[in-house]
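Trainee: kindly return the folded structure for what I paste below:
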Amino acid sequence: MDNKTEKSCYLCANNIDKIDYKDTNLLQKFITPQGKIRPPRKTFLCAKHQRVVAKTVKRARSIALLPFVRT
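Mentor: Reported below is the predicted structural model:
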């Protein structure tokens, strides 16, 4: 039996295979208001998707789609 109270990975549950660095609306869900990447215990992402999100956020930051730090 699977337990419905457990949190599942948002990306696995919604069958999102690719995360595009240009999709800032999706990436905003995984960063804090200060611009930091949220930890997996807060995002409930699986390890595979947490690595992909971190890499994608860093890529979006480097081309100025997302801020490095919000003041």
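
Trainee: ok, the spatially most central residue of the chain - contacts?
Mentor: Centroid check for the chain by C-alpha atoms, centre = their mean gives residue 30 as the closest residue, at 3.7 Å. Listed by C-beta atoms under 8 Å, 6 or more residues apart in numbering, the contact set of residue 30 reads 37, 38, 43, 45, 53, 57. The way it works is simple: take the backbone N, C-alpha and C, and place the C-beta from them, glycine included.

Trainee: can you redo these as CSV with secondary structure, pLDDT and distance to residue 14?
Mentor: Listed next are the contacts of residue 30 as CSV, based on DSSP: H, G, I helix; E, B strand; the rest coil; pLDDT from 0 to 100; distance: C-beta to C-beta, whole Å:
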residue, secondary structure, pLDDT, distance to residue 14
37, strand, 95, 19
38, coil, 96, 17
43, helix, 92, 13
45, coil, 94, 12
53, helix, 97, 13
57, helix, 96, 18
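
Trainee: nearest to residue 22 among those residues?
Mentor: Each of the contacts of residue 30 was scored against residue 22 by C-beta to C-beta, and residue 57 proved nearest at 12.2 Å.

Trainee: assess the claim that that closest one and residue 27 are in contact.
Mentor: Yes - with contact defined as C-beta atoms under 8 Å, residue 57 reaches residue 27; the gap is 5.6 Å.

Trainee: joint contacts of these two?
Mentor: With C-beta under 8 Å, 6+ apart as the test, residue 57 and residue 27 both reach residue 66.

Trainee: count of residues packed around residue 64?
Mentor: 8 (other C-beta atoms under 10 Å).

Trainee: my error: substitute residue 47 in the last question.
Mentor: Count around residue 47 with other C-beta under 10 Å applied: 9.

Trainee: is it correct that it is in contact with residue 53?
Mentor: No - with contact defined as C-beta under 8 Å, residue 47 does not count as touching residue 53 (10.9 Å).
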